[in-house]
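# only the shape, not the letters, is given here:
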């Protein structure tokens, strides 16, 4: 899941022609290179009672090769935020293209232009587009995933080398294991399992795999809305599925029908054109830092209540039927608290309150300050210009434009009260919240598949985070979008020691196979 | 001048034997390698009216070679805070040792052990000790300077390569030009000028040149107090002179008799054992950042008034005689304001108030936050642990221990009022303020020398910054310590585009030569 909203992002190079790069087609390798598979005659119809148990058996038998392939993927440090890894990102996309071709998909690489970093134009990695099957009687699922990862260094506090997948105590540790290389490979393995037992795929598949998700998915919106949609890519798509989030806890599966949006703010105060020596200038300037700290202190109280005037006004009211939903959700506040070693949770640790404040109420976080001292040690400059960063996770019925205006008005009011002679400026970038109807047949199909694998009804859950591409895919396809998580709630995506449980990986592959089956039998 | 206090610094390796490294003695090179000099018979007595004008002429004639040598020194990137430049620091010390030997000084390199960075033991650069002349009838001056510099990258906003000294419009741009390589070389050139005209030096000299000043002078206090002092290094020292600060403005010279001290604080708040995804956790934890911002906001108001209870109580009272001193100081608030492009200065820009708040009143600056997002872009983590950095420049009569206790008490009180369940911790490191008597004969000698060069009485000034070694040298030698600045107030030490005016460099060399002469005629 991305940390970055794509609201007001500027896309560079979007006017460049989208050249379909198919030059890796000649790198096609036979399917059995990675897996041990016997190709059989594919029957026209499947019987659920025969097909899925065979597939599950096949998956169990091939577990080690699935781990080996994930190790290969994790070993490519496709860190998207740092241009020095850009070649690795491109390599990662090509690697995945080979894999998709090995399972029989036709693929193309779509150029999405350039990004600008420090006034330099840096080429974006291409987006991998694929297609497998085109049988008019079958449903078509469009699968999205991302191949890039957050940065990771062993010195950040990893117990193992982050780009060398290691199995310990039933867990696969490595950057990207759960976010999002494991789930992306899960689709590959599920397809492979059908092939492995000689069964035809129950659906047609379309793929969109990008390598800039952790850095704002630059270029993707334009590709989806201005190229793929007009070209008819989504015309025969019936359902959209994204596996890029996590279970709520560590034991019970869930299917996700809602995400919060995000409204991100850059609050800039400037007192001088350069940093100043605090010995020489201290006592003679109105320091930008104290103004910024003052403003940041007006935003939220110690219990997390947002202090911005009217910010809760448009939040969708809590109705009795929704309220009841939270009671049945499997969520252990104490385990949650312990997993992060917090002394005490907000809202006195009451389960329903915690869930509602993760999913259906906005939250405001102060992220940091750009331009101030951040290094260890005793730096003593007076920063000349500082940019405070904070964001509000916004929720259904809160429109980004409305929230931005409330924040701007509030900050302007507080700034006037401060009466500082310094310069202040605030800018925002925002993305909307998203929800779907969890009673849609697509969700019911996924729920049946989940129950088959985990022998329990999944929680229909929402997420506090934001995956902006969800909304874009919903808009581009006009179809029902579903988030089908593979990993567990303690996978620590983006943190040190990111992992994917072996169980979640292997059962997740079975889940994807069962989901393909269940969607396959939905009426066309 | 250093940005770092050395108050509670831990010195690693201080139990190691201080081995005198004299292995570079065989690298002695003849004096005329860099300068064009004719060696003459040295007369026993000098006549001021003859000697100094000759010296000034010699200095003017050799100006280009002085610039060339500074270019050579600046080209060694002796950045002390970053271990990857440690070899350059060592190279810089050796380079300077060669230069001292070329003017006839005996030298040794003193080992000061190790520093610890990220649990690694890193060898400190040696301290260069030197001695030139040992005539019992002459006064002996101990000169201190530093050979290390602050970091600098062209991409920080330099207009030229920081480690390639460039002359433009009468200014020598380069990292270390004014802080402190120019002044250190100034001593060398002043000695050289006496030699150049065939005159005997009017004083004996002792040298202490270190290469860790910008990083807390690690190991130096112990060397001075536990090795050099017991060994008798300071026994025949009569005066101590440091040239490591700047004129108040850009036109009038000054001599500095006071420095503020510093009390530096690390204010830590922890809410979780790791950084958290603000989408997933936002709304459910008491965030450390909002607690820290709250605490930092209680420290100082927008006008720079420190809010810590009783912090002004022990400040030395302002007496009428001192108050009058500020009237005559040459200081232009408008030029000062324009040089930093501030919209408005504190204290309504009133000259005397600005000077007093730089020199004789404490100031508090908020420097930044470690552990929070600091990069450009829209990072959205909730930091698990954050360390706020702030410091108070302390002034005469304020004792570090007293100020630290006031800060601790105040923060504890504010923390109790906050009522947060998070963990809070505050630590400090401090160094005392320093003042000397500006009417001391040593100061009068320096004033006469200054007037001779600049045809004006220098301002007797204080500095808002802190040079902790000043106090150590005062304690180690029990002698009068004087700060004799070479550079101008707009030299931008530590900032981008650091420079030394050609005039300040060349006239500064003459000033040092005249100062040696004036101290030479002080009664022994």
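On my side now, so go ahead. What you are looking at is a predicted structure, and each value in this text was computed from that prediction instead of being measured.
# could you list the low-confidence segments of the stretch 401-524 of chain A?
Across the stretch 401-524 of chain A, nothing is flagged by pLDDT under 70.
# chain B contacts on that one?
A:418-423, A:429, A:463-466, A:492-496 (C-beta under 8 Å from any C-beta of the partner chain). For glycine as for every other residue, the C-beta is placed from the backbone atoms N, C-alpha and C.
# outline the domain layout of chain A.
A:48-259+A:434-520, A:261-316+A:360-431 (automatic domain parsing).
# would you turn those into CSV with mean neighbour count?
Shown next, in CSV, are those (neighbours: other C-beta atoms under 10 Å in any protein chain shown):
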stretch, mean neighbour count
domain A:48-259+A:434-520, 21
domain A:261-316+A:360-431, 21
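# as a markdown table, those with distance to residue B:215 would be great.
Shown next, in a markdown table, are those (distance: least, C-beta to C-beta, whole Å):
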| stretch | distance to residue B:215 |
| --- | --- |
| domain A:48-259+A:434-520 | 21 |
| domain A:261-316+A:360-431 | 8 |
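# residue B:173: which of the ones you listed is closest?
domain A:261-316+A:360-431 (14.6 Å; C-beta to C-beta).
# start to end distance for the closest one?
End-to-end span of domain A:261-316+A:360-431 (C-alpha to C-alpha, to the nearest Å): 5 Å.
# how far away from the center of its chain is it?
26 Å (C-alpha atoms, centre = their mean, to the nearest Å).
# one more: stretch A:78-93?
Offset of stretch A:78-93 from its chain centre (C-alpha atoms, centre = their mean): 17 Å.
# just the residues of the stretch 401-524 of chain A next to chain B now: which is nearest chain B?
Set against chain B, the nearest of these by C-beta to the nearest C-beta is residue A:465 (2.6 Å).
# quickly find the element holding the closest one.
Taking DSSP states H and E as the definition, residue A:465 sits outside all helices and strands.
# how about it, nearest residue that isn't a chain neighbour?
residue B:279 (2.6 Å; C-beta to C-beta, 6 or more residues apart in numbering or on different chains).
# for residue A:517, same thing?
residue A:202 (5.2 Å).
# and the gap between that neighbour and chain B?
Distance, residue A:202 to chain B, by C-beta to the nearest C-beta, to the nearest Å: 33 Å.
# same deal with residue A:200?
For residue A:200, the distance to chain B - C-beta to the nearest C-beta - is 39 Å.
# likewise residue A:471?
Between residue A:471 and chain B the computed distance is 14 Å (C-beta to the nearest C-beta).
# with residue A:217 instead?
12 Å.
# what residues does the stretch 101-250 of chain A have near chain B?
Proximity of the stretch 101-250 of chain A to chain B (C-beta under 8 Å from any C-beta) is limited to residues A:118, A:155, A:157, A:216.
# swap the cut-off to 10 Å and go again
A:117-118, A:155-157, A:215-216, A:245-246, A:248 (C-beta under 10 Å from any C-beta of the partner chain).
# picking up where we left off before, run through the residues that contact the residue nearest to residue A:465.
A:1-3, A:245, A:259-262, A:358, A:363, A:365, A:391, A:393, A:463-467, B:380, B:382 (C-beta atoms under 10 Å, 6 or more residues apart in numbering or on different chains).
# so how far is residue B:369 from it?
Plainly put, residue B:279 is 21 Å away from residue B:369 if you go by C-beta to C-beta, to the nearest Å.
# what do you get for residue A:468?
Applying C-beta to C-beta, the value for residue A:468 to residue B:369 is 28 Å.
# which residues sit in contact with residue A:127?
Contacts of residue A:127 (C-beta under 10 Å, 6+ apart): A:18, A:93, A:108-112, A:146-147, A:208-212, A:217, A:219-220, A:223-224, A:227-228.
# any weak-confidence spans in chain A?
For chain A, the stretches with pLDDT under 70 are A:1-48.
# secondary structure element holding residue A:293?
In the assignment (DSSP H and E), residue A:293 maps to helix A:288-296.
# typed the wrong thing, it's residue A:490
Residue A:490 belongs to no helix or strand when elements are defined using DSSP H and E.
# tell me if I'm right that it and residue A:336 touch.
Yes. Between residue A:490 and residue A:336 there is a contact under C-beta atoms under 10 Å: 9.0 Å.
# okay, and the common contacts of these two?
A:249-250.
# what's in contact with the helix or strand containing residue A:69?
Residue A:69 is part of helix A:63-74 when elements are defined by DSSP H and E. Outside helix A:63-74, the residues within contact range by C-beta under 10 Å, 6+ apart are A:34-37, A:59, A:62, A:92, A:95-96, A:99, A:147, A:149, A:161-167, A:172-177, A:181-182, A:184-186, A:188-189, A:192-193, A:498, A:500, A:502, A:505-506, A:509.
# mind redoing it with 8 Å?
For helix A:63-74, contacts defined as C-beta atoms under 8 Å, 6 or more residues apart in numbering or on different chains pick out A:34-36, A:59, A:92, A:95-96, A:99, A:147, A:163-165, A:167, A:172, A:174-177, A:181-182, A:184-185, A:188-189, A:500, A:502, A:505-506, A:509.
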